[in-house]
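*Asks:* give me a model of this one.
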Amino acid sequence: MTMLGHDTAPPARLPHELPPDCEVGRNVRVHASRLTVGHGVRLGDDVVLVGDEVRLGDGVAIGPGSDLRASSLTLGEGTEIGPRVRALVAERLHAGRAGRVATGVELLCRDFVAGNLLYLGDGTSVGYGGTTTSTATVRIGNRVTVGQHTILNANCPIVLDDNVGTGSYLAVWTHGYHFGHGPLAGVAPAYAPVHVGRNVWLGFQVTLLPGVTIGENTMVAAGSVVTGPVPGDVLVAGAPAKVKKQLDGRAVTGAAADRAVMEVLRVWVRELMWKGCTVSRAEFREDAARVHVALADGADEIRAVLLPSGAPAPRDEAALVLVSVEDRPDIPTGGARATTLFELRSGRLRGRDSALVQDLRDQLRRHAMPCGDSTCFSAVTPAAFSRLAAAVPGR
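*Replies:* Residues are numbered from 1 along each chain as shown. Modelled structure (predicted):
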């Protein structure tokens, strides 16, 4: 690992050094020896950025009162940092594209590197003792969701691989000791890394103790205390956590997969109507589904079609949104038709973007079928909420 620190603090940079299309709030302070800022960056009031190297991708947004300091600070395209986020990272603070770090998150460690589509929930903390040590590192893969009020005690390394998800109030501990029980009493303090494999789910209020490893595709039930290694493809529960059953990880394919997606589209139609959108067609057959919907103000309209495996795409339709379980490289998404294609198995999203496309994307995410990693997830706000929020702006 390369040491990036220097003996002197990085120099102050002036607002006029930022691109002209950036939005800069009051009392923003940037100190950087090397500064790279993309287009459309937004910095809220009282933001502080400090680093020998600071790189902000296109569309990065940093909320008011946030204070981010790292020798190398990199936020990928479209990443959103909420209000009052505080980070002091000795070496790298790197987040990939379309990450979202929610209000009040605190990071204190030597090194923090995360992939695309990171989510750190409100009040999450990398800290809670010993996280300024040489071993205090955090590695997070792509599409990792960490629930609200989580503790990542990275005194020793913590690794969360791709597609890890957690409930709120997770606690990951890499060290533990007590003055009343030490080596001279025959009790060694606990210092050991934690590694969570791909596709693991950690439920509400799960605790992982020092030295834990969890294999791929495993689920840990709410309230469990994990004290040792856990194999892959199992469900564990209890305190201490024990294997309850083997999980069948076989992929659902064909008509069964299409039916699962169809149920998501049914839920989406219900939510579109609650949001005040105009649903002019909602047709569900045994082997296909079609939904025509427009925003209440008419600013966006799409025709969403569930495309069964191997079926040809509809022709000569504008604003067409195709949903396919499998990849469909035979379907073009450019040109005048402005087609959008969701490929659920691979998680790809290509083609035309819009508010309703993003609303469908968010609904698929909520059913564990995320697609696309170039923007944060977003959804149409229900009209009942929008009306009340608009009455007295500012919240």
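*Asks:* shaky segments in the chain?
*Replies:* 1-7, 14-16, 316, 335-337, 394-395 (pLDDT under 70).
*Asks:* can you give me the helices for it?
*Replies:* Under the criterion DSSP state H, helices of the chain are mapped to 254-274, 355-366, 383-391.
*Asks:* make CSV out of those and add mean neighbour count.
*Replies:* In short, each C-beta sits where N, CA and C put it, glycine included. Shown next, in CSV, are the helices of the chain (neighbours: other Cβ atoms under 10 Å):
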stretch, mean neighbour count
helix 254-274, 16
helix 355-366, 20
helix 383-391, 11
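*Asks:* mind checking the ones you listed for the one nearest to Ser33?
*Replies:* The minimum distance between Ser33 and the helices of the chain falls on helix 355-366, with 37.1 Å, by Cβ to Cβ.
*Asks:* next, count neighbours for the residue nearest to Gly228 when sequence neighbours are not counted.
*Replies:* Nearest residue to Gly228 in three dimensions, chain neighbours excluded: Val212, at 6.7 Å (Cβ to Cβ, 6 or more residues apart in numbering). For Val212, the count of nearby residues is 23 (other Cβ atoms under 10 Å).
*Asks:* so Val212 makes contact with Val194?
*Replies:* Yes - judged on Cβ atoms under 8 Å, Val212 makes contact with Val194 at a distance of 5.1 Å.
*Asks:* of the helices of the chain, which approaches His181 most closely?
*Replies:* Among those, helix 355-366 sits nearest to His181 (Cβ to Cβ), with 45.1 Å.
*Asks:* for the closest one, packing partners?
*Replies:* Counting contacts by 3 or more Cβ pairs under 8 Å, 6 or more residues apart in numbering; DSSP states H and E, helix 355-366 is packed against helix 254-274, strand 301-306, strand 320-324, strand 340-343.
*Asks:* turn these into TSV, columns for distance to Gly180.
*Replies:* Converted to TSV, these look like this (distance: least, Cβ to Cβ, whole Å):
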stretch	distance to Gly180
helix 254-274	54
strand 301-306	62
strand 320-324	59
strand 340-343	57
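*Asks:* for Arg350, find the nearest of the ones you listed.
*Replies:* Judged by Cβ to Cβ, the one of these that comes nearest to Arg350 is strand 340-343, at 5.5 Å.
*Asks:* partner strands of that closest one, parallel or antiparallel?
*Replies:* Using DSSP bridges, strand 340-343 pairs in its sheet with strand 320-324 (parallel), strand 348-351 (antiparallel).
*Asks:* chain center to the last one, what's the gap?
*Replies:* Averaged C-alpha coordinates place strand 348-351 at 18 Å from its chain's average position (Cα atoms, centre = their mean, to the nearest Å).
*Asks:* what residues of it count as buried?
*Replies:* Using 16 or more other Cβ atoms under 10 Å as the test for burial, strand 348-351 gives 349-351.
*Asks:* TSV for these, including distance to His39?
*Replies:* Below are the buried residues of strand 348-351 laid out as TSV (distance: Cβ to Cβ, whole Å):
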residue	distance to His39
Leu349	22
Arg350	22
Gly351	22
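*Asks:* what's the closest of these to Gly40?
*Replies:* Closest approach to Gly40 among the buried residues of strand 348-351 (Cβ to Cβ): Leu349, at 20.4 Å.
*Asks:* OK, contacts around the residue nearest to the closest one when sequence neighbours are not counted?
*Replies:* Distance criterion Cβ to Cβ, 6+ apart; nearest residue to Leu349, sequence neighbours excluded, is Gly372 at 3.3 Å. Going by Cβ atoms under 8 Å, 6 or more residues apart in numbering, Gly372 touches 347-349, 361.
*Asks:* and for Leu307?
*Replies:* So Leu307 contacts 313, 322-324, 328 (Cβ under 8 Å, 6+ apart).
*Asks:* if you set the cut-off to 6 Å instead, what comes out?
*Replies:* 322, 324 (Cβ atoms under 6 Å, 6 or more residues apart in numbering).
*Asks:* gap between it and Ala257?
*Replies:* According to Cβ to Cβ, to the nearest Å, Leu307 and Ala257 sit 12 Å apart.
*Asks:* I'd like the distance from stretch 388-395 to the chain centre, please.
*Replies:* Chain-centre distance of stretch 388-395: 27 Å, with Cα atoms, centre = their mean.
*Asks:* output it as CSV - backbone C-alpha positions only.
*Replies:* The C-alpha coordinates for stretch 388-395 follow below in CSV (Å, rounded to 0.1, in the frame of the first residue of the first chain):
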residue,chain,number,x,y,z
LEU,A,388,-47.5,18.7,1.5
ALA,A,389,-43.8,19.2,1.1
ALA,A,390,-44.3,22.1,-1.4
ALA,A,391,-46.6,24.0,1.0
VAL,A,392,-43.7,25.2,3.1
PRO,A,393,-40.4,24.7,1.2
GLY,A,394,-37.2,24.0,3.1
ARG,A,395,-37.4,20.6,4.6
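*Asks:* save the helices of the chain as CSV, and put in distance to Val24 too.
*Replies:* As requested, those are arranged in CSV below (distance: least, Cβ to Cβ, whole Å):
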stretch, distance to Val24
helix 254-274, 36
helix 355-366, 26
helix 383-391, 25
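*Asks:* residues near Leu320, how many?
*Replies:* If we define neighbours as other Cβ under 10 Å, then Leu320 has 22 of them.
*Asks:* so how far is Pro314 from the closest residue to it other than its chain neighbours?
*Replies:* Spatial nearest neighbour of Leu320, excluding adjacent residues (Cβ to Cβ, 6+ apart): Thr339 at 4.8 Å. Here Thr339 is placed at a distance of 9 Å from Pro314 (Cβ to Cβ).
*Asks:* have a look at those two and say which one is more surrounded.
*Replies:* Comparing Thr339 with Pro314 by other Cβ under 10 Å, the one with more neighbours is Thr339, at 21 against 14.
*Asks:* surely that one touches Asp353?
*Replies:* No - look at Thr339 against Asp353 with Cβ atoms under 6 Å: they stay out of range, at 11.7 Å.
*Asks:* overlap of the contact sets of the two?
*Replies:* Counting by Cβ under 6 Å, 6+ apart, nothing touches both Thr339 and Asp353.
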